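Undergrad: Quick one, fold the following:
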Amino acid sequence: MNESELPQYLAVLVLLGLAIVAPFGMILFSMLLGQRGSRSKIKDTAYECGMLPVGPGNARFSVKFYLVAMLFILFDIEVVFMYPWAVVYKTLLADPATRNLIFGSMVSFLGILFVGYIYALKKGAFDWKS
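TA: Residues are numbered from 1 along each chain as shown. The predicted structure is shown next:
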C-alpha cells in the first residue's frame, strides 16, 4: 500500500472507532446521568392504552399458524413464477422448436405444485378448526 492511499482509509478508521465508542459511551452516560432510586411496580408496568396488562406479554401461536403462512408463501411464489410466463407465452409460441418445451415446463411446475397441494390437503393443513 502506498503512502498516498493511507489517508483515504482515515475516514473508515474514524467511523470504526465511532461505532465502537458510541454504544459504550451511551451506556456509560445513561448510568452516570440516569435517575436512581426506588421505582414503584405500577411505574414499571407496560402502558397499554390506559388498561392494566392482563396475561402474558408473549402469546404463543399455534403451529397451524406457521403452516398456513408457509403455504401462503408457497402459493404466492407460484403466482410470481407464472405471471412472467403468462405475459411472454404468446410471443414464445411463435418459435415451433420451443413451443412444447415451454408449455411442458409450466405443466410440470404446476403438476409438482398440485402434488404439494394434495399432500397439504391430506395432512389437514387447511383445516382451520383443529
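Undergrad: Now tell me which helix or strand of the chain has the poorest mean pLDDT.
TA: The helix or strand with the lowest mean pLDDT-type score in the chain, counting by mean pLDDT, DSSP states H and E, is helix 41-44 (a mean of 74).
Undergrad: Now that helix: buried residues?
TA: Judged by neighbour count using 16 or more other Cβ atoms under 10 Å, helix 41-44 contains no buried positions. In short, each C-beta sits where N, CA and C put it, glycine included.
Undergrad: Please save the CA atoms from that helix in CSV.
TA: C-alpha atoms of helix 41-44 as CSV (Å, rounded to 0.1, in the frame of the first residue of the first chain):
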residue,chain,number,x,y,z
LYS,A,41,-44.3,-1.6,40.5
ILE,A,42,-47.0,0.3,38.7
LYS,A,43,-44.4,2.7,37.2
ASP,A,44,-42.5,-0.3,35.7
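Undergrad: Now do the closest residue in space to Ala125 that isn't next to it in sequence against Ser40, distance only.
TA: Using Cβ to Cβ, 6 or more residues apart in numbering and skipping the chain neighbours, the partner closest in space to Ala125 is Leu67 (5.3 Å). In this view, Leu67 and Ser40 are 44 Å apart by Cβ to Cβ, to the nearest Å.
Undergrad: okay, these two: which has more neighbours?
TA: Neighbour count, other Cβ atoms under 10 Å: between Leu67 and Ser40, Leu67 has more, with 15 against 7.
Undergrad: does the more buried one belong to a helix or a strand, and which?
TA: Using DSSP states H and E, Leu67 sits within helix 63-92.
Undergrad: Good, we can wrap up now.
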